[in-house]
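S.K.: Any chance you could fold what I've pasted below:
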Amino acid sequence: MGNFKVDDLVVRELKVALKEYDRINRVIVANMNQSQAINPEKDLNLDKSHQSLISYKNSKAREISKILTYWPVWTEYLVKVPGVGPYVGGNLIILYYYKFIPVCKHCGGDLIINSGAEDNYACSKCGKKASGAGILNHRIQERDFPKVSQWWNFMGRAPVSEDGKLPKRKKGVQSKWSSTGRLISWEFTEQVNRHKETDPYKAFLLSEKAKLEAKRPELTKGHRHNMAKNKTAKLFLSHFWKVARMIDQKPITEPYSMSHLGHVGVIDPFYWDEEEVNAA
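M.R.: Numbering: from 1, shown residues only. Alright, predicted model coming up:
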């Protein structure tokens, strides 16, 4: 363990593979919806085109899994966590470790958002414009989240109200949080919701729902469920953050609620045994 460096080419390969997986998955979903709309009784298991798409998606997942072996946080931790497949794990790693900064094709300067439009850039050096709709060049910059709250905020998991409502995008304003981050943490909780009660994350989800039912009976059942899922997502993200920093031998700070407000009850990462990893 300790600080490690993955070649930029491998990082780019992972990002491309994740985007391709996402694209093929969108095609599969669109194909399923269209088929069901035309013929609700159609068995897609007998549809060769549909099965070809599924096969390609699975091969892309295997490709992502192979690339992920370059990161210890995958091989020593994430691969053991139920509900974290290659797509979720790969996106977590990309979002946590790397920032892709668009650069000008003419002078190499960093591109900045022009007039708040997320698909319209201007070079910070030469001033030439570049459209996000085209293919932009990027340089890779390593990220760091010294505090878990910074990681939660970046993943769009910091409620902005007592009702647990999450921040929303505003037209013409660049968001400070990752929409992909929010999506994959939501996908993780969707998997957790399907798990048996013996899974520690499922047990936590049910516990939080019970607490909300007792404390916030005025909220709808669905609202309480979503609030519990958000807390479960934050717990998992805090576990990932802590394990990643331990692997990278970086300092771990307590959340503000503990260091300043006196809250107690830290839950250690599930599916992680530091002594076992160190012994190996």
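S.K.: How much space separates the residue nearest the centre of the chain from residue 52?
M.R.: By C-alpha atoms, centre = their mean, the chain has its centre lying nearest to residue 181, at 3.6 Å. The spacing between residue 181 and residue 52, counted by C-beta to C-beta, to the nearest Å, is 31 Å. Glycine gets a C-beta too; all of them are placed from N, C-alpha and C.
S.K.: could you pull out the strands for the stretch 101-250 of the chain?
M.R.: 111-114, 117-123, 129-131, 137-142 (DSSP state E, counting those that start in this stretch).
S.K.: Which among the ones you listed is found nearest to residue 87?
M.R.: The minimum distance between residue 87 and the strands of the stretch 101-250 of the chain falls on strand 137-142, with 20.3 Å, by C-beta to C-beta.
S.K.: Could you list the buried residues of the closest one?
M.R.: The neighbour-count check on strand 137-142 (16 or more other C-beta atoms under 10 Å) flags residue 138 as buried.
S.K.: ok, that strand: who's next to it in the sheet?
M.R.: Using DSSP bridges, strand 137-142 pairs in its sheet with strand 98-103 (antiparallel).
S.K.: Just the C-alphas of the partner strand, formatted as PDB.
M.R.: The C-alpha coordinates for strand 98-103 follow below in PDB (Å, rounded to 0.1, in the frame of the first residue of the first chain):
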ATOM      1  CA  TYR A  98      -8.800  12.400 -11.200                       C
ATOM      2  CA  LYS A  99     -10.000  15.600 -12.800                       C
ATOM      3  CA  PHE A 100     -10.100  15.900 -16.600                       C
ATOM      4  CA  ILE A 101      -9.400  19.500 -17.500                       C
ATOM      5  CA  PRO A 102     -10.200  20.500 -21.200                       C
ATOM      6  CA  VAL A 103      -7.300  22.200 -23.000                       C
END
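S.K.: State the mean pLDDT of it.
M.R.: On average, the pLDDT along strand 98-103 is 87.
S.K.: try stretch 40-50
M.R.: Here the average pLDDT along stretch 40-50 is 82.
S.K.: what's the answer for stretch 79-88, then?
M.R.: 95.
S.K.: can you give me the offset of it from its chain's centre?
M.R.: The chain centre lies 11 Å from the centre of stretch 79-88; the measure is C-alpha atoms, centre = their mean, to the nearest Å.
S.K.: Buried residues, it. List them.
M.R.: Going by neighbour count (16+ other C-beta under 10 Å), the buried part of stretch 79-88 is 79, 81, 82, 83, 84, 85, 86, 87, 88.
S.K.: how close does the third one sit to residue 19?
M.R.: Spelled out, it's residue 82. Residue 82 is 25 Å from residue 19, by C-beta to C-beta.
S.K.: One more: residue 153?
M.R.: In terms of C-beta to C-beta, residue 153 sits 24 Å off from residue 19.
S.K.: More neighbours: these two, which one.
M.R.: Higher neighbour count among residue 153 and residue 19: residue 153, with 17 against 10, using other C-beta atoms under 10 Å.
S.K.: Quick check on residue 84: phi, psi?
M.R.: When read as degrees, to the nearest 10, the backbone of residue 84 gives phi -110, psi 100.
S.K.: And the helices in the stretch 51-200 of the chain?
M.R.: Secondary structure of the stretch 51-200 of the chain (DSSP state H, counting those that start in this stretch): helices at 72-75, 86-97, 148-154, 179-194, 200-215.
S.K.: Now tell me what touches the second one from outside.
M.R.: When contacts are defined by C-beta atoms under 8 Å, 6 or more residues apart in numbering, helix 86-97 is touched by residues 11, 14-15, 17-18, 21-22, 61-62, 64-65, 67-68, 71, 73-74, 78-79, 84, 142-143, 145, 151, 154-155, 178, 180-181, 184, 187-188, 240-241, 244.
S.K.: Noted, bye for now.
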